[in-house]
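Visitor: Show me how the following folds:
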Amino acid sequence: MKWPEFDYKWGVALGVLGFLCLVGLYALEIPYFNRYFSFSRLLIYSEVFGLIVGGTAAWYLGRDLTDSYDLMRLRIGLVFAGLFFGPLFFSLFNRILDPWPRNVELVEFAGIEGRVSSRFGLPNQEESADANAYHIYFYRDNQLTRIVFDKNPDLEDVREGDQIGILVRKGLFGVEWVQKIQSGRDAPSII
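Guide: Residues are numbered from 1 along each chain as shown. Below you'll find the predicted structure:
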């Protein structure tokens, strides 16, 4: 059976749609980057992951090409795509495919800051903007740590030095991140 020829315009349209979906997925994943205990570790591991995946794809897809110019374009494009989308897929796989059990750690609460973040700059002086990012500071293993949540974690009754619980996930690749926060007094209600 002979397959009908695929129209080039449909291929370009599907490629652009796929790229826009990946960018949208990246935008949804970026808030989770602020919940990792070590962003530098996440970045290094994800870039190595992207380099390996992009390099493997470049080798596999380019083995039948004979034109050296096309081979070079394919390899460079796939390696850069792997480096660019490596953090996205690494974080997604690390979070979603996590086989390890969840554990609640008690940490010492240090403070919370509500901040306004906007793509379009600061609001006018006359308008009062509600906070849409909450920076939570706590001591874990005698080290001050900051994580960011998009929703208010409702820790108003908790004072500096009180114990709060954080639901820690180890991740598929061993890069730990915080899934939820709970107050030390109200242990059953996880935010």
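Visitor: So for residue 184, what's the pLDDT?
Guide: At residue 184, the model reports a pLDDT of 58.
Visitor: Looking at the chain, which strand is longest?
Guide: For the chain, the longest strand by residue count, based on DSSP state E, is strand 103-115.
Visitor: any residues touching that strand, and which ones?
Guide: 131-140, 144-145, 152-153, 155, 158-168, 182, 184, 187 (C-beta atoms under 8 Å, 6 or more residues apart in numbering). For the C-beta atoms, the positions are set from N, CA and C on the backbone; glycine is no exception.
Visitor: buried set for the longest helix along the chain?
Guide: When the chain is parsed with DSSP state H, its longest helix is helix 68-96. For helix 68-96, the buried set under the neighbour-count rule, 16 or more other C-beta atoms under 10 Å, comprises 71, 74-75, 78-79, 81-83, 85-92, 94-95.
Visitor: The contacts of strand 103-115 in strands, which ones?
Guide: With strands defined by DSSP E, the entries of these inside them are 133-140, 144-145, 163-168, 182.
Visitor: mind checking the SS state of residue 172?
Guide: Three-state call for residue 172 (DSSP: H, G, I helix; E, B strand; the rest coil): coil.
Visitor: What residues does it make contact with?
Guide: Residue 172 is in contact with 93, 94, 95, 97, 98, 99, counting by C-beta under 8 Å, 6+ apart.
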